[in-house]
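J.: just the structure for this:
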Amino acid sequence: MLIASPDRDILGISVKSLDFGTTIADLSFGIDSGIPHRKVNFLNANNANIAHNDEDYRNALARSDVLPDGIGVDIAAKVLAGSKFPANLNGTDLVPAFFVFVARPLKVALVGAKPDVLQKALENFRALTPWHEFIAVSDGYFDACDQPRILADIAAFKPDVTLVAMGSPTQEKWIDAQFGAEHGKIVFGVGALFDFVSGMVPRAPRFFRELRLEWVYRLAREPGRLWRRYIVGNPLFLYRVLCYKFSDNLMRTHTAG
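T.: Next comes the predicted model:
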């Protein structure tokens with residue numbers, strides 16, 4: 001597990017409350033500490049909405065270390081716990097920074113995304129941190145009958161880290177059900193990370209990121225695909241947060257009475 005922290009309860013999901021540097025240092029330490037296997041996932045407003053109606057997904061998250069991603073869960077933490085998270089630990093920033101931070105060579109397996117995206121992400125990871133060994137095991141468009149072979153190929157590589165980019169909740173459920181110590185000391189469910197690392201999907205300008213409005217930039221670029229996630233999903237998430245806070249306060253009042 002990640003270093004002990006005052007976890008935040010976000011709609012029944014336990015989310016780590018750590019600053020950026022502490023998280024990276026702890027992940028690095030964890031690789032060499034004798035802990036055989038950890039699963040690390042990320043929670044944003046959209047994922048929380050999915051988890052609300054998907055018990056298997058919630059259970060998969062509960063069996064992993066969950067890190068906060070985005071302004072939505074920050075608002076939720078402020079509403080539910082009185083203060084926001086110490087840092088936005090989204091995978092797009094955290095994972096590359098983690099590889100830069102770790103000086104000793106790591107073996108890293110990549111699974112997911114479209115074939116061309118995967119290949120370009122592989123090239124850019126190698127260029128960013130050439131002291132690590134990266135391999136692309138499979139794109140994310142494989143049949144169920146291919147899963148045993150892919151898992152065997154990962155195990156044969158004996159990775160320190162495996163990155164799975166297949167979108168939520170598919171990646172988290174697959175990691176939870178199928179990945180063990182032989183598939184990586186740390187396995188990350190990284191969503192759209194390969195799209196951004198490949199350069200095929202541009203990051204929002206720094207101005208948007210500093211204001212925590214990267215979602216606005218993404219919505220403007222892909223309104224047809226993302227409108228439901230943000231225009232419908234964000235208000236729904238905040239509504240659920242308020243209901244969760246109200247029900248919790250009501251329960252406390254009832255217990256005290």
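J.: which residues does the spatially most central residue of the chain contact?
T.: For the chain, the residue nearest the mean C-alpha position is Phe42 (2.9 Å; C-alpha atoms, centre = their mean). Counting by C-beta atoms under 8 Å, 6 or more residues apart in numbering, Phe42 touches Val66, Leu67, Pro68, Asp69, Leu89, Asn90, Gly91, Gly189, Val190, Gly191. To be clear about C-beta, it is placed using only N, CA and C from the backbone, and glycine gets the same treatment.
J.: try 10 Å this time
T.: Neighbour list for Phe42: 15, 61, 64-70, 73, 89-92, 94-95, 168, 172, 188-191, 193 [criterion: C-beta atoms under 10 Å, 6 or more residues apart in numbering].
J.: that one belongs to a strand?
T.: Yes - counting by DSSP: H, G, I helix; E, B strand; the rest coil, Phe42 falls inside a strand.
J.: state the distance from it to Val95.
T.: 10 Å (C-beta to C-beta, to the nearest Å).
J.: all strands for the stretch 1-150 of the chain, in order.
T.: For the stretch 1-150 of the chain, strands defined by DSSP state E, counting those that start in this stretch occupy the ranges 8-10, 13-15, 38-43, 65-68, 107-112, 133-138.
J.: could I get these as JSON lines with mean pLDDT?
T.: Listed next are those as JSON lines, based on pLDDT from 0 to 100:
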{"stretch": "strand 8-10", "mean pLDDT": "95"}
{"stretch": "strand 13-15", "mean pLDDT": "97"}
{"stretch": "strand 38-43", "mean pLDDT": "97"}
{"stretch": "strand 65-68", "mean pLDDT": "96"}
{"stretch": "strand 107-112", "mean pLDDT": "98"}
{"stretch": "strand 133-138", "mean pLDDT": "98"}
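J.: nearest to Leu163 among these would be which one?
T.: strand 107-112 (5.3 Å; C-beta to C-beta).
J.: can you pull out the helices in the stretch 1-150 of the chain?
T.: With DSSP state H, counting those that start in this stretch as the criterion, the stretch 1-150 of the chain has helices at 20-31, 45-52, 55-62, 71-81, 91-101, 115-128, 147-157.
J.: buried ones in the fifth one?
T.: I take that to be helix 91-101. For helix 91-101, the neighbour count (16 or more other C-beta atoms under 10 Å) marks Gly91, Thr92, Asp93, Leu94, Val95, Pro96, Phe98, Phe99 as buried.
J.: then the longest one?
T.: When neighbours are counted by 16+ other C-beta under 10 Å, the buried residues of helix 115-128 are found to be Val117, Leu118, Gln119, Lys120, Ala121, Leu122, Asn124, Phe125.
J.: could you list the low-pLDDT ranges of the stretch 1-150 of the chain?
T.: Low-confidence segments of the stretch 1-150 of the chain, defined by pLDDT under 70: 1-5.
J.: what helices or strands is the helix or strand where Gly224 lies leaning on?
T.: Using DSSP states H and E, Gly224 sits within helix 223-227. Contacts defined by 3 or more C-beta pairs under 10 Å, 6 or more residues apart in numbering; DSSP states H and E place helix 223-227 against helix 214-221.
J.: now the helix it packs on and helix 45-52, what's the angle there?
T.: Computed by axes from the mean of the first three to the mean of the last three C-alpha atoms, to 10 degrees, the angle separating helix 214-221 from helix 45-52 equals 90 degrees.
J.: tell me how far helix 214-221 lies from the chain's centre.
T.: Chain-centre distance of helix 214-221: 19 Å, with C-alpha atoms, centre = their mean, to the nearest Å.
J.: quick one: buried residues of that helix?
T.: Neighbour counts using 16+ other C-beta under 10 Å place Glu214, Trp215, Tyr217, Arg218, Leu219 of helix 214-221 among the buried residues.
J.: surely the third one meets Pro223?
T.: Meaning Tyr217. No - counting by C-beta atoms under 10 Å, Tyr217 sits too far from Pro223 to count as a contact (11.5 Å).
J.: overlap in contacts of Phe42 and Val95?
T.: Common contacts of Phe42 and Val95 (C-beta under 10 Å, 6+ apart): Phe188, Val190, Leu193.
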